[in-house]
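**Student:** Got a predicted structure here, sequence first:
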Amino acid sequence: MTGRKREKSWIILSPWIVIGAVVVLAPIFIFVAVQNIHKQKENTTQLLLEKGAALIRSFEAGTRTGMGMRWGGLQVQKLLMETAQQPDIVYLLITDLNGKILAHNDPSKIGEYHGKNLDLKKIPRSKVVKGQQITDQDGTNVFEVFRRFSPTRRDFQRLRFNTAPNDWFRSRIIPGKDKPVSRLTIFVGLDMGPIELARKEDARHTVIVALILLLIGFAGVISLFLAQGYRSARTSLSRIKAFSDSLVENMPIGLLAIDGDGNITSFNQTAESVLRLSANEILGKKAHQVLPQQLGTLIDKLKPEGGIIEKEIDCTVKDGKLIPLEAIATSLGEEDGTFWGYAILFRDLTEIQRLRREIDRSQRLASIGRLAAGIAHEIRNPLSSIKGFATYFKERYKDMPEDQKTAEIMIQEVERLNRVIGQLLEFARPMNIRLRPTSMRTLIQHSLKMIESQAGGKNIKISADLSLEIDEALIDPDRINQVLLNLYLNAIEAMDDGGTLSVRLFGDDPKGVKVEISDTGAGIHKKDLEKIFDPYFTTKPSGTGLGLAIVHRIIEAHNGEVNVKSERARGTTVSITLPVSAGKSHHNNEV
């Protein structure tokens, strides 16, 4: 545990995507915003020009009306002052060609000069309204509209007025020989304060809208990438989930998962097969209620200890059978301490333990075989001497029945001991296997005929079920015949009160040809089943304990298997499986 909570996300958004979206969208929306602001400025300018032109036309109309009443410059000044009283007019003035102010809404400024930055002689030649933005002396932004001052029409121009020499108005609007029709320029100064506020508000609104649209566009682009990423992540997650589900379900090891509340959340096919339980019946149920007690004990040990527990246990499954398991249990959780539950992996050790026993037995047999080979040679020589002396005493004491009987017993025991040593040598020396195609049905039928009379003498019935699908197998017929006879004789000896000796031949076993030899005798104790193939292990008073050991060696030499099932008072079944391809690569094996 690091104590630091790890940030998790279903998708990682690359910073280059964000930068790319900004680089693409920002110039577009900035250009649109600037264009809108510029257009608003042009519209404001055009509005001010039209407003100024309307004021000029209105003032000129009033002047024309006054001219019919013989107005002079004083009346024009009054009209100008009254017109300029509107709240959005900063000033209203009239200048001559030199820029001298002839009339002003502020009489104190009459006689001063205005429009020094303009070509005042050119303005009266055109009736086009023009405008400019200037800053007044007090720092106020003013939009100035100006054009030629034309208070007269053509019919007025034909009139002749008595013009006072000091009346600037009449002297400049009445045409003369060397005078233009009008030599005056009218200026209107409009207050831009409200307009500026409105324009700034519009600009601010435009910028806000542009930013909102930029964010919307940015969000849209990011959303597309996120949607694509989400779709890809979901597709990948689905594939990973399908793969993991298939892996968990088909893995050759049993998997059991339990959540934090003790409910079973996962139970794969191998777990079903090993524990003899159905996933449909136990998923979602409490683990301690449906699982074997031994697995519940592992979970109980994990609760206080945590970590990982590896242990071999004997687990009692549903049908009461005890199965050896190798189990690995661990608790599941996050680094921040979040607890998820438990997971248990287990596998059936039945076959592994059988193989371990086979290896141990093979090692014991190898050691015994090496020892037996040396001892047998050392014993046979003294046995020959003992048998010779026993034969000599038997012939010498013909007239003494008791001594002759003693010598006879000595000879029989020496011969029996010699047979045991012979079997021991056969067991110890390398076994020669000569494989050739052989009819299994014929071989079994022949071997059964050899023990018919012996079986009949003990009231034993022989039953043979030989599959017609099996014709030939690649075996050593002499060795397999030896195996069959040995097993027949063991079965006959186990049925003292009569019974049935059954022989079955199967051809549908996946491992090869299978022969089953069953009897209805006394059976074998469960504790003795693991030892029956060990040399010198026997439950018979007169047995040597090498018969089944030799059987096992012969079947091993054929790369086959031999298994025994037995129940007390119900009989024994010995199964021999011989691979179809056993020894095809060599016709002479030595084991």
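**Tutor:** Right, received. Where do you want to start?
**Student:** Could I get the buried residue list for stretch 287-307?
**Tutor:** For stretch 287-307, burial by neighbour count (16 or more other Cβ atoms under 10 Å) applies to 287, 290, 291, 292, 294, 295, 296, 298, 299, 302. Just so you know, the C-beta spots here come from the backbone N, C-alpha and C atoms, and that holds for glycine as well.
**Student:** from those, which single one is nearest residue 410?
**Tutor:** residue 294 (59.1 Å; Cβ to Cβ).
**Student:** Is it correct that the closest one is in contact with residue 313?
**Tutor:** Yes - between residue 294 and residue 313 there is a contact under Cβ atoms under 8 Å: 4.7 Å.
**Student:** what's the domain layout of this protein?
**Tutor:** 18-199, 252-348, 353-428, 432-590 (automatic domain parsing).
**Student:** So which residues of the stretch 201-350 of the chain form helices?
**Tutor:** Remark: helices assigned in the stretch 201-350 of the chain by DSSP state H, counting those that start in this stretch are 269-275, 279-282, 287-290, 293-305, 350-396.
**Student:** okay if I get those helices as TSV plus distance to residue 61 and mean pLDDT?
**Tutor:** TSV is the format used below for the helices of the stretch 201-350 of the chain (distance: least, Cβ to Cβ, whole Å; pLDDT from 0 to 100):
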stretch	distance to residue 61	mean pLDDT
helix 269-275	104	86
helix 279-282	101	84
helix 287-290	103	83
helix 293-305	103	77
helix 350-396	118	78
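**Student:** need those in JSON lines with distance to residue 408, can you?
**Tutor:** Below are the helices of the stretch 201-350 of the chain laid out as JSON lines (distance: least, Cβ to Cβ, whole Å):
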{"stretch": "helix 269-275", "distance to residue 408": "61"}
{"stretch": "helix 279-282", "distance to residue 408": "72"}
{"stretch": "helix 287-290", "distance to residue 408": "71"}
{"stretch": "helix 293-305", "distance to residue 408": "62"}
{"stretch": "helix 350-396", "distance to residue 408": "6"}
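**Student:** out of the domains of the chain, nearest to residue 206?
**Tutor:** Short answer: domain 18-199, nearest of the domains of the chain by Cβ to Cβ, at 4.6 Å.
**Student:** Just give the closest residue to residue 441, not the sequence neighbours.
**Tutor:** residue 466 (4.7 Å; Cβ to Cβ, 6 or more residues apart in numbering).
**Student:** Relative to residue 580, how far out is that neighbour?
**Tutor:** Counting by Cβ to Cβ, to the nearest Å, the gap from residue 466 to residue 580 is 17 Å.
**Student:** Low-confidence ranges, the stretch 451-591 of the chain, go.
**Tutor:** 468, 470-471, 508-509, 536, 540-544, 581-591 (pLDDT under 70).
**Student:** Walking through it, point out its strands one by one.
**Tutor:** Listed in chain order, the strands of the stretch 451-591 of the chain (DSSP state E, counting those that start in this stretch) span 460-466, 472-475, 499-506, 513-519, 561-567, 571-578, 588-590.
**Student:** I'd like the ones you listed as CSV, with mean neighbour count and distance to residue 431 appended.
**Tutor:** Output for these, formatted as CSV (neighbours: other Cβ atoms under 10 Å; distance: least, Cβ to Cβ, whole Å):
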stretch, mean neighbour count, distance to residue 431
strand 460-466, 15, 27
strand 472-475, 21, 13
strand 499-506, 19, 24
strand 513-519, 22, 19
strand 561-567, 16, 15
strand 571-578, 21, 15
strand 588-590, 13, 7
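**Student:** okay if I get the ones you listed as JSON lines plus distance to residue 380?
**Tutor:** Formatted as JSON lines, these follow (distance: least, Cβ to Cβ, whole Å):
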{"stretch": "strand 460-466", "distance to residue 380": "37"}
{"stretch": "strand 472-475", "distance to residue 380": "32"}
{"stretch": "strand 499-506", "distance to residue 380": "36"}
{"stretch": "strand 513-519", "distance to residue 380": "34"}
{"stretch": "strand 561-567", "distance to residue 380": "30"}
{"stretch": "strand 571-578", "distance to residue 380": "32"}
{"stretch": "strand 588-590", "distance to residue 380": "23"}
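**Student:** Of all these, which one is nearest residue 381?
**Tutor:** Among those, strand 588-590 sits nearest to residue 381 (Cβ to Cβ), with 26.8 Å.
**Student:** Could you find the closest non-adjacent residue to residue 507?
**Tutor:** Leaving aside its sequence neighbours, residue 507 sits nearest to residue 469 (Cβ to Cβ, 6+ apart; 3.7 Å).
**Student:** I'd like the mean pLDDT over stretch 233-246, please.
**Tutor:** For stretch 233-246, mean pLDDT rounds to 81.
**Student:** residues making contact with the lengthiest strand in the chain?
**Tutor:** Counting residues, the longest strand found in the chain (DSSP state E) is strand 322-333. Residues from elsewhere that reach strand 322-333 (Cβ atoms under 8 Å, 6 or more residues apart in numbering): 257, 274, 294-295, 298-299, 301-302, 306-317, 339-350, 353.
**Student:** Can you give the strand pairings for that strand, parallel or anti for each?
**Tutor:** Paired strands of strand 322-333, with direction, are strand 308-316 (antiparallel), strand 339-348 (antiparallel) (DSSP bridges).
**Student:** Which one of those strands lies nearest to residue 23?
**Tutor:** Closest among those, using Cβ to Cβ: strand 339-348, at 43.9 Å.
**Student:** quick one: the closest one to helix 293-305, angle?
**Tutor:** On the basis of axes from the mean of the first three to the mean of the last three Cα atoms, to 10 degrees, strand 339-348 is oriented at 140 degrees to helix 293-305.
**Student:** next one: strand 339-348 to chain centre, how far?
**Tutor:** Its chain's average C-alpha position is 19 Å from that of strand 339-348, according to Cα atoms, centre = their mean, to the nearest Å.
**Student:** Bridged to the residue nearest to residue 441, which residues?
**Tutor:** residue 505.
**Student:** dump the residue contacts of it.
**Tutor:** 440, 441, 444, 445, 503, 504, 505.
**Student:** ok, now residue 353?
**Tutor:** Counting by Cβ under 8 Å, 6+ apart, residue 353 touches residue 324.
**Student:** Could you pull up the contacting residues of residue 37?
**Tutor:** Taking Cβ under 8 Å, 6+ apart, one finds 202, 203, 206, 207 in contact with residue 37.
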